[in-house]
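**Q** sequence first, then the predicted structure:
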Amino acid sequence: MVRSRIIGTGSYLPKRVLTNFDLERMVETSDEWIRERTGIRERRIAAEEEATSDLALMASREALRAAGLKPKDIDLILVATVTSDMLLPSTACILQHKLGAKDTPAFDLNAACSGFIYGLSVADAFIRSGTYERILLVGAETLSRATDWQDRTTCVLLGDGAGAVVLEKTKAKRGVLSVDIYADGSMWDLLHIPAGGSRMPATKETVKNRLHFIKMRGNETFRVAVRTLEKLVVDTLKKNRVKPEELSLLIPHQANHRIIAATAKRLGLGLDRVMLTLDRHGNTSAASIPIALDEAVRTGRIKKDDYILLEAFGGGLTWGSALIRW
Ligand code: UT7
């Protein structure tokens, strides 16, 4: 049986750090509120000349290096993002050019914070079907460009970054065991950017009314996220006949430590078996899981044969999970 497995990971965080104390000087908030309600201490902000593809490039180069491959060895480039360099063309095409991987097919995928899991499901399906053997999958965001720095309900949460993995075909029993993705478009307005698309093209009015920035009904999103993720992780393990005690590491989307703690508690996992990185980069949407995965690999928290569970929830609404045997 053919499946996909991750053979290299990489990540990149921009140099500039914005702390909770910096934010105290920008909006009416406090380090204490942000830490207690979210678990975030600081986030990274892309330099003026950096766009999403630049972050993606750095992460991709690391992932390729870790896999021992050159860009020309890759059959498909996928970028999960909600903050593409421009509306047209895709960031994946710009990344392909920067990597020098001429002729390699490349496209973007938008599933908000679940983008990496959605991308993994596409990459895994292409590999299982025999269409491609090696795929570069990137989650990359410059959310700071879509953040309203006057809106304390969102600006304290978001950050910039990128993570990448290289997937390869394998006949081994290890690798991606399952990927499940879901959506409920009826709640699209819980988390959205109103203007800049075909519904509300950019005008002076839309700019004046700050409609090009992310709007979130945080508390409602929080409640749906907890309920949905608790069920999702239980179902994923059950489907794969893996018991929670067999799980080595949970790598959740890094949105809020209270959501993560509730999910871990549902599985009876101590936080020592959960990857937590949001204190240092906040919510980086599609980038958060591959960044956390890369850190787990580089710090030796993942060993051969370990069961690793990934899960995400985000705008759309979208959610999804993946179980990996490393
Ligand atoms: O990434 C995928 C999708 N996103 C998520 O999963 C995020 C989900 N939501 C959350 O993480 C949380 O809902 C937040 C962290 C955004 C907010 O936490 P909360 O416990 O749900 O707070 P809340 O929205 O109910 O607000 C509580 C209070 C409000 O004041 P009043 O009405 O009680 O007087 C807010 O105005 O906190 C106030 N508040 C703030 N205070 C200080 C909201 N933002 C801030 C802030 N600093 N930055």
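**A** All right, it came through fine. Model, not experiment: these values are computed from the prediction. Residues are numbered from 1 along each chain as shown.

**Q** excluding sequence neighbours, find me the nearest residue to P201.
**A** Counting by Cβ to Cβ, 6 or more residues apart in numbering, P201 lies nearest to A195, which is 7.4 Å off, once chain neighbours are set aside. Bear in mind the C-beta positions are built from the backbone N, C-alpha and C, glycine included.

**Q** what residues does the protein have near the ligand?
**A** Counting by Cβ under 6 Å from any ligand atom, the chain comes close to the ligand at 29, 33, 37-38, 113, 152-153, 156-157, 191, 218-219, 221-222, 225, 255-256, 259, 283, 313-314.

**Q** ok, R44 touching L143?
**A** No: taking Cβ atoms under 8 Å as the definition, R44 is not a contact partner of L143, at 10.2 Å.

**Q** list the residues that contact both of those two?
**A** The contact sets of R44 and L143 overlap at 159-160 (Cβ atoms under 8 Å, 6 or more residues apart in numbering).

**Q** burial measure for the residue of the stretch 101-250 of the chain found nearest the ligand, as a count.
**A** Residue nearest to the ligand within the stretch 101-250 of the chain: G218 (2.9 Å; Cβ to the nearest ligand atom). Neighbourhood size, G218 [other Cβ atoms under 10 Å]: 16.

**Q** hang on, it packs against T153?
**A** Yes: between G218 and T153 there is a contact under Cβ under 8 Å: 5.8 Å.

**Q** identify the residues contacting the most centrally placed residue in the chain.
**A** Per Cα atoms, centre = their mean, the C-alpha nearest to the average position across the chain is that of A286, at 2.4 Å. For A286, the contacting residues are 80-82, 111-116, 119, 139-141, by Cβ under 8 Å, 6+ apart.

**Q** filter these down to the ones in helices?
**A** Counting by DSSP state H, these place 115-116, 119 in helices.

**Q** Three-state assignment for R65, please.
**A** Look at R65: counting by DSSP: H, G, I helix; E, B strand; the rest coil, its state is helix.

**Q** sticking with D85, tell me its helix or strand.
**A** Assigned by DSSP states H and E, D85 falls within no helix or strand.

**Q** not counting residues beside it along the chain, what's closest to it?
**A** D85 sits nearest to A51 (Cβ to Cβ, 6+ apart), 4.5 Å away.

**Q** and S90, by the same measure?
**A** Among residues not flanking S90 along the chain, D108 sits closest, at 4.0 Å (Cβ to Cβ, 6+ apart).

**Q** that neighbour belongs to a strand, doesn't it?
**A** Yes: using three-state DSSP, the assignment for D108 is a strand.

**Q** look at it and report its pLDDT.
**A** Looking at D108, its pLDDT stands at 98.

**Q** and it, how many residues sit next to it?
**A** By other Cβ under 10 Å, the residues close to D108 number 24.

**Q** spatially nearest residue to I127 (excluding sequence neighbours)?
**A** Nearest residue to I127, sequence neighbours excluded (Cβ to Cβ, 6+ apart): S4, at 4.0 Å.

**Q** A56 versus that neighbour, what's the distance?
**A** 20 Å (Cβ to Cβ, to the nearest Å).
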